[in-house]
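# My questions concern the predicted model and sequence given below.
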Amino acid sequence: MQVIPEILNRKSIVDFKPDPIEKDKLERVLEAGRLAPSAKNRQEWRFIVITDKKKRDKIKDAAFGQEHVGQAPVIIVACTTNIDYRMPNGQLAYPIDLTFPVSFMMVQAVHEGLGTCCVTTYDEQEIKEFLSVPYSMRAVMLLLVGYAASEPEPSPRKNFKQVFSYNHW
């Protein structure tokens, strides 16, 4: 099995069709996130899957009116259930822990013929209140999922030698 084709075909979609996502496809996308690694396998996360149009519109408003947020037929709100845990290297675990499942969901979505876009520009407090996210939790990012209405241009990527080195900086 190769996942490189899905990684190569992943693009940030900002123009979604209104078509609903088939339940089995969505469940496979969500399952990919559930299976992702986390610090010490703590799985300190919770994902709120928003499919209701009125609720998606409220999230669009909290995302400062970004049109593509309102277009996506599914919005997955990635939340942490532990904002204080630090890994032995001193880094907070939750930003890293949530990046794994969201990335896994993105790759699975491409495999399913779907498009995605990560969104981090929104009023977190407004989203937390609207979705009843407990005060001690964080709503860290939104993952938009749906069928692309148009094909975006590929984003340029730095070449291999600009991002990798062996055995020293």
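Perfect, thanks for sending it.
# And the next helix or strand past the top strand by length along the chain?
Longest strand of the chain, by residue count under DSSP state E: strand 138-146. Later in the chain than strand 138-146, the nearest helix or strand by DSSP states H and E is helix 160-163.
# Could I have the CA atoms of that next one written out in CSV?
Below are the C-alpha coordinates for helix 160-163, written out as CSV (Å, rounded to 0.1, in the frame of the first residue of the first chain):
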residue,chain,number,x,y,z
PHE,A,160,14.2,18.3,-0.8
LYS,A,161,17.5,19.9,0.1
GLN,A,162,15.8,23.0,1.5
VAL,A,163,14.0,21.0,4.2
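# now the top helix by length along the chain against strand 138-146, angle please.
Longest helix in the chain, counting residues (DSSP state H): helix 94-111. Here the directions of helix 94-111 and strand 138-146 differ by 10 degrees (axes from the mean of the first three to the mean of the last three C-alpha atoms, to 10 degrees).
# Just want the most central residue of this protein.
What sits nearest the mean C-alpha location of the chain, by C-alpha atoms, centre = their mean, is Leu143, with 3.3 Å.
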